[in-house]
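**Student:** What shape does this take:
(one chain, ligands or ions: 1)
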Amino acid sequence: MDFYQEYITTIHDFSIDKERLIKRIHELKTRRPASLIIPILYEEVNNPPLKNIISNLNECTCLNQVVIALAAETEEEYVHVVEFFKELKTPHIVVWCDGPRAQHILFTMKKMGIDITSYKGKGKDVWLATGIATLDSYAIAYHDADIVTYSKDFPAKLLYPIVEPELNFFFNKGYYARINMETKTMHGRVFRLFVRPLLDTLQADSKADILRYLLAFRYTLAGEFAMTSDLAMNIRIPADWGLEVGLLAEVYRNTTTKKICQTDLGYYDHKHQDVGSNRSEGLCKMVGDIFTTFMRITTESTDNIISPSYLHGIHVKYKRLGQDLIRRYHADALCNGLCYNRHEEELYVDMFANVIRRSGEDYLEHPSDVLMPDWTRALSAMPDLREQLYEACLADEKEYCNK
Ligand SMILES: O=C(O)[C@H](O)COP(=O)(O)O
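**Tutor:** Below is the predicted model:
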């Protein structure tokens, strides 16, 4: 516990009265309506965390609506998810992001020069749901569907600094200790062993303000955040695992650090991915996408030129800083009686360093752009795009669920 303030405002949980936050957001429901977006994969519907999320949301009376961004292949899967969410008392809508109606709209957009048909996954689904949520929300919170330690405080803590007129923040990011207190295990492997030492490495080579800003977030990869609809309309969402980091960079470019904060969400645990045996799987894929995002930020916002020798330096320095951190995490874990496998952690750093080398080479050859267009741009091409998507969701439910 500390009360340290960094480059961005940090809202600690010394004694936050969660019921008071929920009551206050509820009072502001008409003036500043708030929505929640949950991206889900069909497989997640049968997992216990989602059931717990729904029962907690039923106690979180402050939300105007929940928008479920669903990745599902078949009509049966879609219908199953709509049925499943009938337990949720808050007004909600399921966006079948891969359904024929949504796809048809995306192909119409393509004909008009805005092509997001090649994007797949969470980024694209979040993009679609954001369009619908902005139709009638002042603020939008986002979180994943696999949170094991979920409580109704999450949306309340994320939304309060934004909807409270006395605070008026534009963006709020959650942070936490990714520690499972039952198994006494320290998780968050990619953040602790990759993002953090990589950011330190990049900052050693550049004084760019954006790196200082990125370092101020206590959990850069947290998928729990909230922002105003206005901001959500103006940022470009990355379509791959670089989503969280790329989004922070977009927020930096579209607002001022005075309007950005982070909030303590306590302890956190979720479903863990395997490390993966190559760069197209598991944590290795995640690390590769995040690294490419950092290289794009470096190219756009610093004076550094990405070259083979620059990448070589990054690779060597990252490895050293990653190994130094292991010593520190070990001390922290030992004093707290947490399980900590030092050898395994060393292997992660070796693997992540390899991904840096390979992804760096790829970046030099193809500095690919995975940022989707912002909503303001999409609306300039198709002014009623959000309404069309909303109508498509209603039509899907009518056609497939009322048989
Ligand atoms: O935040 C992270 O570091 C990644 O999502 C991996 O998390 P995990 O180690 O908790 O599975």
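**Student:** helix, strand or coil for whichever residue of the stretch 1-150 of the chain sits closest to the ligand?
**Tutor:** Closest residue of the stretch 1-150 of the chain to the ligand, C-beta to the nearest ligand atom: Asp144 (9.6 Å). (C-beta placed from N, C-alpha, C; glycine too.) Put simply, Asp144 is coil when judged by DSSP: H, G, I helix; E, B strand; the rest coil.
**Student:** contacting residues for it?
**Tutor:** Neighbouring residues of Asp144 by C-beta atoms under 8 Å, 6 or more residues apart in numbering: Ile38, Pro39, Gly223, Glu224, His270.
**Student:** tell me the strands in the stretch 51-200 of the chain, going along the chain?
**Tutor:** Using DSSP state E, counting those that start in this stretch, the strands of the stretch 51-200 of the chain run over 65-71, 92-96, 139-142, 171-177, 179-180, 185-186.
**Student:** Mind putting the ones you listed into a markdown table with distance to the ligand?
**Tutor:** Below are the strands of the stretch 51-200 of the chain laid out as a markdown table (distance: least, C-beta to the nearest ligand atom, whole Å):
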| stretch | distance to the ligand |
| --- | --- |
| strand 65-71 | 18 |
| strand 92-96 | 24 |
| strand 139-142 | 15 |
| strand 171-177 | 10 |
| strand 179-180 | 9 |
| strand 185-186 | 9 |
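**Student:** highest average neighbour count across those?
**Tutor:** Scoring the strands of the stretch 51-200 of the chain by mean neighbour count under mean count of other C-beta atoms under 10 Å gives strand 139-142 as the most buried, with a mean of 27.
**Student:** What is that one packed up against?
**Tutor:** Using 3 or more C-beta pairs under 8 Å, 6 or more residues apart in numbering; DSSP states H and E as the contact test, the elements touching strand 139-142 are strand 34-41, helix 122-133, helix 153-163, strand 225-228, helix 229-234.
**Student:** In a markdown table: those, plus mean neighbour count.
**Tutor:** Shown next, in a markdown table, are these (neighbours: other C-beta atoms under 10 Å):
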| stretch | mean neighbour count |
| --- | --- |
| strand 34-41 | 25 |
| helix 122-133 | 24 |
| helix 153-163 | 26 |
| strand 225-228 | 26 |
| helix 229-234 | 20 |
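**Student:** Turn the ones you listed into TSV, including distance to the ligand and mean pLDDT.
**Tutor:** Below are the helices and strands packed on strand 139-142 laid out as TSV (distance: least, C-beta to the nearest ligand atom, whole Å; pLDDT from 0 to 100):
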stretch	distance to the ligand	mean pLDDT
strand 34-41	14	97
helix 122-133	12	96
helix 153-163	16	98
strand 225-228	14	98
helix 229-234	23	98
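**Student:** Could you grab the helix/strand/coil label for the residue most central in space within the chain?
**Tutor:** The chain has Gly223 as the residue nearest its centroid, 3.0 Å off, counting by C-alpha atoms, centre = their mean. Under three-state DSSP, Gly223 falls in the coil class.
**Student:** Quick check on it: phi, psi?
**Tutor:** Phi and psi for Gly223, reported as degrees, to the nearest 10, are phi -90, psi 10.
**Student:** cool, and Arg20?
**Tutor:** Torsion angles, degrees, to the nearest 10, at Arg20: phi -70, psi -40.
**Student:** What's the local residue count around it?
**Tutor:** 11 (other C-beta atoms under 10 Å).
**Student:** Mind pulling up the pLDDT for it?
**Tutor:** With respect to pLDDT, Arg20 scores 97.
**Student:** dump the residue contacts of it.
**Tutor:** Applying C-beta under 8 Å, 6+ apart to Arg20 gives no contacts.
**Student:** ok, now how distant is it from Thr293?
**Tutor:** Distance of Arg20 to Thr293, computed by C-beta to C-beta, to the nearest Å: 37 Å.
**Student:** ok, now His187?
**Tutor:** 21 Å.
**Student:** same question, Leu36
**Tutor:** In terms of C-beta to C-beta, Leu36 sits 25 Å off from Thr293.
**Student:** cool, Gly121 as well?
**Tutor:** Gly121 is 14 Å from Thr293, by C-beta to C-beta.
**Student:** More neighbours: those two, which one.
**Tutor:** More crowded of Gly121 and Thr293, by other C-beta under 10 Å: Thr293, with 23 against 15.
**Student:** ok but Lys202 is inside a helix, no?
**Tutor:** Not quite, residue 202 is Leu, not Lys. Yes. Assessed with three-state DSSP, Leu202 lies in a helix.
**Student:** tell me the contacts of it?
**Tutor:** By C-beta under 8 Å, 6+ apart, the residues touching Leu202 are Leu211, Phe294, Thr298, Thr302, Ile314.
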